[in-house]
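J.: Just need the structure, nothing else, for what follows:
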Amino acid sequence: MTGETDLARMLATLDVARRPGRFAFVTGEWPTLAPDAAATIHEDEGPTYVVTVEQAAEAGAPIDFEAAWLTLTVHSSLEAVGLTAAFSAALGAAGIPCNVLAGYHHDHLLVPADRADDATMVLRSLGG
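T.: Numbering: from 1, shown residues only. I've put the predicted structure just below:
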């Protein structure tokens, strides 16, 4: 399944699912976090793990940012043009920071936990 490439169709069918819990970005070598990380990004400066706040706290890792994890349920193609621009512009206009992780099937957005409901409303408004 290759995913949708038409921006109008992507926006028309866009919905948002919230993953339970709160998440944190943890940088550096944390061997106990690596196996259970929800996401791992390998940067030149070292690994970044996205883990639950509880996992970070148990490991003693600093928590600088508590995020809600929102998933856009539309299956966009990796070659689709315009979806990221559309949702980032809408969230930016609402003053909501957004950190994006792209998976094969969906885009995943990490937004401030206390703005998750606002972000969900903004994202859903793109479809209508």
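
J.: pLDDT (mean, whole number) over the lengthiest strand in the chain?
T.: Across the chain, the longest stretch assigned as strand under DSSP state E is strand 16-27. Average pLDDT, strand 16-27: 96.

J.: helices or strands up against that strand?
T.: strand 46-52, helix 53-59, strand 67-72, helix 116-125 (3 or more CB pairs under 8 Å, 6 or more residues apart in numbering; DSSP states H and E). Backbone N, C-alpha and C define where each C-beta goes, glycine included.

J.: how about 10 Å then?
T.: Contact here means 3 or more CB pairs under 10 Å, 6 or more residues apart in numbering; DSSP states H and E; on that basis strand 16-27 packs against strand 39-43, strand 46-52, helix 53-59, strand 67-72, strand 107-112, helix 116-125.

J.: what's the spacing between it and its chain's center?
T.: Taking the mean of its C-alpha atoms, strand 16-27 sits 8 Å from the chain's own mean (CA atoms, centre = their mean, to the nearest Å).

J.: related to what we said a few turns ago, can you tell me which of the helices and strands packed on strand 16-27 comes nearest to L78?
T.: Among the helices and strands packed on strand 16-27, strand 107-112 comes nearest to L78, with 10.3 Å by CB to CB.

J.: tell me the angle the closest one makes with helix 116-125.
T.: 140 degrees (axes from the mean of the first three to the mean of the last three CA atoms, to 10 degrees).

J.: in its sheet, what does strand 107-112 sit against?
T.: Strand 107-112 pairs in its sheet with strand 67-72 (antiparallel), strand 99-102 (antiparallel), by DSSP bridges.

J.: what's the average pLDDT for the shortest one?
T.: Same thing as strand 99-102. Strand 99-102 comes out at a mean pLDDT of 95.

J.: One more: stretch 41-61?
T.: Averaging pLDDT along stretch 41-61 gives 95.

J.: which residues touch that stretch?
T.: 19-34, 36-40, 62-67, 69, 99, 101, 108, 110, 113 (CB atoms under 10 Å, 6 or more residues apart in numbering).

J.: Kindly reformat the strands paired with strand 107-112 as CSV containing distance to R124.
T.: Formatted as CSV, these follow (distance: least, CB to CB, whole Å):
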stretch, distance to R124
strand 67-72, 10
strand 99-102, 17
